[in-house]
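J.: below: sequence and its predicted model.
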Amino acid sequence: MAGLLAKDYVLQAIDTGKQRNAEAVVARVRTGKGRGIPWMVVLDPEGKALVTSDGPKGNIGCPYEPHEIAYFRTMLEQTRKRLGDADLDAIVKANEAFVERLKQAQKK
């Protein structure tokens, strides 16, 4: 999935417990009420937030529930430049497969 996302996005994890100035970065881009993690934001080249993972039902975090996966796809649809519909389908399928592996692991 990361390979497909790299067509349009630079993926950067920010760890406020380990990285210097991470709190300042988060304070600048995370203005919503929700505080769950993980949290995602898509920024434009000037650093303006285009869309965040704060969906209609709150932060989608690591998309797990069907509505969270659907909102993640919406985030990508709203901000993509080179990703095609087939790419989005593949990302969603990879996300759904990940969720299924998590569910199977929880049953053990």
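T.: Yep, it's here. Numbers count the residues shown, from 1 in each chain.
J.: show the contacting residues for Leu76.
T.: 8, 83, 88, 91 (Cβ atoms under 8 Å, 6 or more residues apart in numbering). Any C-beta I mention is one placed from the backbone N, CA and C, and that applies to glycine too.
J.: what's the helix or strand for it?
T.: Taking DSSP states H and E as the definition, Leu76 sits inside helix 66-79.
J.: got a quick ChimeraX command for the buried subset of the contacts of Leu76?
T.: Selection of buried members from the contacts of Leu76 for ChimeraX, criterion 16 or more other Cβ atoms under 10 Å:
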select :83,88,91
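J.: just put the contacts of Leu76 in TSV and tack on secondary structure.
T.: Below are those laid out as TSV (DSSP: H, G, I helix; E, B strand; the rest coil):
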residue	secondary structure
Asp8	coil
Leu83	coil
Leu88	helix
Ile91	helix
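J.: quick one on the thing from earlier: give me the mean pLDDT for the helix holding Leu76.
T.: For helix 66-79, mean pLDDT rounds to 97.
J.: residues of it that come out buried?
T.: 68-69, 71-73, 75-76.
J.: please save the CA atoms from it in PDB.
T.: Only the C-alpha atoms of helix 66-79 are listed here, as PDB (Å, rounded to 0.1, in the frame of the first residue of the first chain):
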ATOM      1  CA  PRO A  66     -16.200   0.000   7.000                       C
ATOM      2  CA  HIS A  67     -17.100   3.600   7.500                       C
ATOM      3  CA  GLU A  68     -13.500   4.400   8.400                       C
ATOM      4  CA  ILE A  69     -12.100   2.700   5.400                       C
ATOM      5  CA  ALA A  70     -14.700   4.500   3.200                       C
ATOM      6  CA  TYR A  71     -13.600   7.900   4.700                       C
ATOM      7  CA  PHE A  72      -9.900   7.100   4.100                       C
ATOM      8  CA  ARG A  73     -10.700   6.500   0.500                       C
ATOM      9  CA  THR A  74     -12.600   9.800   0.400                       C
ATOM     10  CA  MET A  75      -9.500  11.500   1.800                       C
ATOM     11  CA  LEU A  76      -7.400  10.100  -1.000                       C
ATOM     12  CA  GLU A  77     -10.100  10.900  -3.700                       C
ATOM     13  CA  GLN A  78     -10.100  14.500  -2.500                       C
ATOM     14  CA  THR A  79      -6.300  15.000  -2.600                       C
END
